[in-house]
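> task: produce atomic coordinates for the following.
(2 chains)
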2 protein chains.
Amino acid sequence: MAKLMTLLWGAGSPPCWRVMITLEEKKLQGYKHKLLSFEKGEHKSQEVLEINPRGQLPAFKYGNIILNESLATCLYLENQFKSQGIQLIPDSPENHAVMYQRMMEGLTLTDKLNSVIYYDQSVPEEEIHDSAVKRNKEALTTELKLWEGYLHNVAAGSYLAGSFSLADVIVFPNVAYAFRFGLSVGCYPKLAKYYSLLKNRPSIKATWPPHWVASRNGYDILKDL
Amino acid sequence: MAKLMTLLWGAGSPPCWRVMITLEEKKLQGYKHKLLSFEKGEHKSQEVLEINPRGQLPAFKYGNIILNESLATCLYLENQFKSQGIQLIPDSPENHAVMYQRMMEGLTLTDKLNSVIYYDQSVPEEEIHDSAVKRNKEALTTELKLWEGYLHNVAAGSYLAGSFSLADVIVFPNVAYAFRFGLSVGCYPKLAKYYSLLKNRPSIKATWPPHWVASRNGYDILKDL
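Prediction:
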């Protein structure tokens, strides 16, 4: 099956990382993949546009089937390969509900991280306002505290919805990203513990962004949150 | 089952409407519900915050289970009540994939509609730029043309993923919203046909925003797109 799959991806992109973690967990190693450079604009290349008209990564193909939204891809792979690898959607109604809820909230976390980390790149120079920078940082702080609270409530500081699930697949890359960009371990101890617990999971280690391995130093843009 | 469910909702909100359509399709009529006013700020009331710490609608409770993200709620209800009412996740791998893909892309359509319709309310007056208004309108036009193309390709101008599915549940309220806010039927004939096809579906008629019935006149903010 995996041989019929092709993934075009960008390093460090949480949406791409989610798909790669899912492929590992579902024992779908051996898929074709190609690392493209956002800096060089390769996500807008013809090769990507043929799969994803939005010119975004991931762009994923499995035979004639095309899936470009990371959550859609993860949900599809789990549902089509239910009995292969780790089960990523929990059975109990309670965990089932929490999993979908956190998975979808993970997109808000992504948006709020991007609104701080990439603010300067997302609007033209003449539209940049210090007041917007401040507001976006405050909104991200509120968001991160919400997640700190969610993790406070889960049993034994472990996964988001009982056992490891799609909620973790979707949310973990954001958390890793936040720490890479300088989030304080001291101010967010539950998120830091969650990060430590998951970062050595085989599927996550195997898909760790290559340039994060090459350079252990991150950025400090989130250090004051 | 439905008697154990409570939905706090706001009229005309696509996320709330999605949950209501799903409850109808899954034959879960009889749930408790309460219409709250965004204008009066009732989505920030204690009653909502107890269910949804984000102070957003929908806020949905089913016994001890809480689901506040519309897609999470729809996915959960479909999976927990699979054999009840209409099946909203298609079986065939092709339609299964398209359903998840369009469902997730529906969130981008929501964002781009909001960025035009609610731009003035989303940023303080001193941060309003005509250039941003123009850019947001262009981005929405590109987005709407993408959907016009998706509908051009589906068989017989019908549903987004074979038969009626969660993709339609998620996307239709956005399409209805776009026409309510003045989108041109002539410029987007496929979207207009899709709108006509679905607007009389019983689950959609039963949940039509009450103030849209009271006042048939919409707005013209999208008329030039």
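
> can you list the residues of chain A near chain B?
Residues of chain A lying close to chain B by C-beta under 8 Å from any C-beta of the partner chain are A:53-54, A:62, A:64-69, A:71-73, A:75-76, A:79-80, A:93-94, A:96-97, A:100-101, A:103-105, A:107, A:123-124, A:126-127, A:129, A:131-132, A:146, A:149. The C-beta positions use only the backbone N, C-alpha and C, and glycine is treated the same way.

> out of those, which are buried?
A:54, A:62, A:65-69, A:71-73, A:75-76, A:79, A:96-97, A:100-101, A:103-105, A:107, A:123, A:132 (16 or more other C-beta atoms under 10 Å in any protein chain shown).

> next step: those restricted to helices.
Among those, the members found in helices (DSSP state H) are A:71-73, A:75-76, A:79, A:96-97, A:100-101, A:103-105, A:107, A:132.

> mind picking the two most distant members of these?
A:Asn79 and A:Ala132 (39.7 Å; C-beta to C-beta).

> buried residues in stretch A:152-170?
So stretch A:152-170, judged by 16+ other C-beta under 10 Å, has buried residues A:154, A:158-170.

> just the helices in chain A please.
Taking DSSP H as the criterion, chain A carries its helices at A:14-25, A:46-49, A:70-80, A:93-117, A:119-122, A:130-153, A:166-180, A:189-199, A:202-205, A:210-214.

> could you report the neighbour count for the residue nearest to A:Ile221 when sequence neighbours are not counted?
The spatially closest residue to A:Ile221, leaving aside those adjacent along the chain, is A:Phe181, at 5.1 Å (C-beta to C-beta, 6 or more residues apart in numbering or on different chains). Neighbours of A:Phe181 under the rule other C-beta atoms under 10 Å in any protein chain shown: 17.

> does A:Phe181 really touch A:Asn217, like I thought?
No. A:Phe181 is beyond contact range of A:Asn217, at 11.4 Å (criterion: C-beta atoms under 8 Å).

> residues contacting the residue of chain A most remote from its centre?
Largest separation from the mean C-alpha position in chain A: A:Glu126, at 30.8 Å (C-alpha atoms, centre = their mean). A:Glu126 makes contact with B:129, B:131 under the criterion C-beta atoms under 8 Å, 6 or more residues apart in numbering or on different chains.

> cool, and the one 10 residues further on?
For A:Asn136, the set of contacting residues under the criterion of C-beta under 8 Å, 6+ apart consists of A:112, A:115-116, A:119.

> tell me the pLDDT of it.
Note for A:Asn136: predicted pLDDT of 96.

> swap in A:Val154?
69.

> kindly report the same for the one 10 residues further on.
Here the pLDDT value assigned to A:Phe164 is 96.

> just give the nearest non-adjacent residue to it, would you?
Nearest to A:Phe164 is A:Ile86, by C-beta to C-beta, 6+ apart, at 6.6 Å.

> could you do A:Asn68 as well?
Nearest residue to A:Asn68, sequence neighbours excluded (C-beta to C-beta, 6+ apart): A:Asn52, at 4.1 Å.

> which of the ones in helices among the buried ones among the residues of chain A next to chain B lies closest to A:Ser37?
Nearest to A:Ser37 among these: A:Thr73, at 21.1 Å, using C-beta to C-beta.

> contact partners for the closest one?
With contact taken as C-beta under 8 Å, 6+ apart, A:Thr73 is in contact with A:18-19, A:22, A:58, A:60, A:67, B:100.

> now, which of these sits nearest A:Ser196?
Nearest to A:Ser196 among the contacts of A:Thr73, counting by C-beta to C-beta, is A:Arg18 at 19.6 Å.

> which residue is the nearest non-sequential neighbour of the closest one?
Nearest in space to A:Arg18, with sequence neighbours left out and distances taken as C-beta to C-beta, 6+ apart, is A:Ser70 at 4.5 Å.

> with A:His211 instead?
Using C-beta to C-beta, 6+ apart, the nearest residue to A:His211 is A:Ala11, at 5.3 Å.

> over to A:Leu109?
Closest to A:Leu109 by C-beta to C-beta, 6+ apart is A:Asn174, at 4.8 Å.

> what does stretch A:175-192 rub up against?
Against stretch A:175-192 from outside (C-beta under 8 Å, 6+ apart): A:12, A:14, A:17, A:113, A:117, A:144, A:147-148, A:151-152, A:157, A:194-195, A:198-199, A:212, A:218-223, A:225.

> quick check, the residue nearest to A:His211 in contact with A:Lys34.
No. A:Ala11 lies out of contact with A:Lys34 (C-beta under 8 Å); the separation is 11.6 Å.

> which one's more surrounded, those two?
Legend: neighbour count by other C-beta under 10 Å for A:Ala11 and A:Lys34, higher for A:Ala11 (18 against 13).

> how is chain A partitioned into domains?
Chain A breaks down into these domains under automatic domain parsing: A:2-80, A:93-214.

> please name the residues that touch A:Leu166.
A:22, A:74-75, A:78, A:88-89, A:99, A:103 are the contacts of A:Leu166 under C-beta under 8 Å, 6+ apart.

> from these, which single one is nearest chain B?
Closest approach to chain B among the contacts of A:Leu166 (C-beta to the nearest C-beta): A:Leu75, at 5.1 Å.
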